[in-house]
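Visitor: Sequence unavailable; structure follows:
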């Protein structure tokens with residue numbers, strides 16, 4: 001029993017000295033909300049009517065393909081990005097390309113996304129809310 005106490009007393013100074021090696025200026029005070037952000041895009045034709053049944057692809061300029069957690073159920077609405085991908089982003093903007101195709105119909109747009117310092121949520125920095133499909 002005495003050996004355990006002596007070992008603990010011997011190790012104790014090293015434990016406290018290790019604490020001083022941690023740079024507390026890098027620790028962020030993060031409190032994330034329970035909100036789950038989802039971004040979508042509406043695709044319409046030249047008359048403003050929703051365009052349904054497009055086969056969509058969402059990918060980064062680096063080639064990373066993103067899959068929807070759940071597709072929106074509204075006519076002409078398509079998933080773009082959600083908080084499930086916060087770890088794929090940094091605070092710097094990342095280019096995301098949305099493409100929707102069906103027969104001779106094509107809808108395409110470029111977006112900028114990033115995340116906050118705490119990686120709580122993805123944020124859309126730029127890109128259209130509505131795309132007019134080309135025939």
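Guide: Okay, I see it. Everything quoted here is computed from the prediction, not taken from an experiment. Residues are numbered from 1 along each chain as shown.
Visitor: all helices for the chain, in order.
Guide: 2-19 (DSSP state H).
Visitor: where exactly do the strands run in it?
Guide: 38-44, 55-60, 65-66, 77-82, 94-102, 105-115, 122-126, 130-132 (DSSP state E).
Visitor: so which of those comes closest to residue 30?
Guide: strand 105-115 (11.8 Å; Cβ to Cβ). C-betas here are computed from N, CA, C, even on glycine.
Visitor: Pull out the buried positions in stretch 48-66.
Guide: Under the neighbour-count criterion of 16 or more other Cβ atoms under 10 Å, stretch 48-66 has 51, 54, 56, 58, 60, 66 buried.
Visitor: er, stretch 80-89 I mean
Guide: Within stretch 80-89, the residues that count as buried by 16+ other Cβ under 10 Å are 80-83, 85-86, 88-89.
Visitor: hmm, back to that, reformat the buried residues of stretch 48-66 as a markdown table; add distance to residue 105 and pLDDT.
Guide: What follows is those, written out as a markdown table (distance: Cβ to Cβ, whole Å; pLDDT from 0 to 100):
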| residue | distance to residue 105 | pLDDT |
| --- | --- | --- |
| 51 | 6 | 98 |
| 54 | 7 | 97 |
| 56 | 12 | 97 |
| 58 | 17 | 98 |
| 60 | 24 | 98 |
| 66 | 22 | 98 |
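Visitor: If anything else comes up later, I'll come back, but that's it for now.
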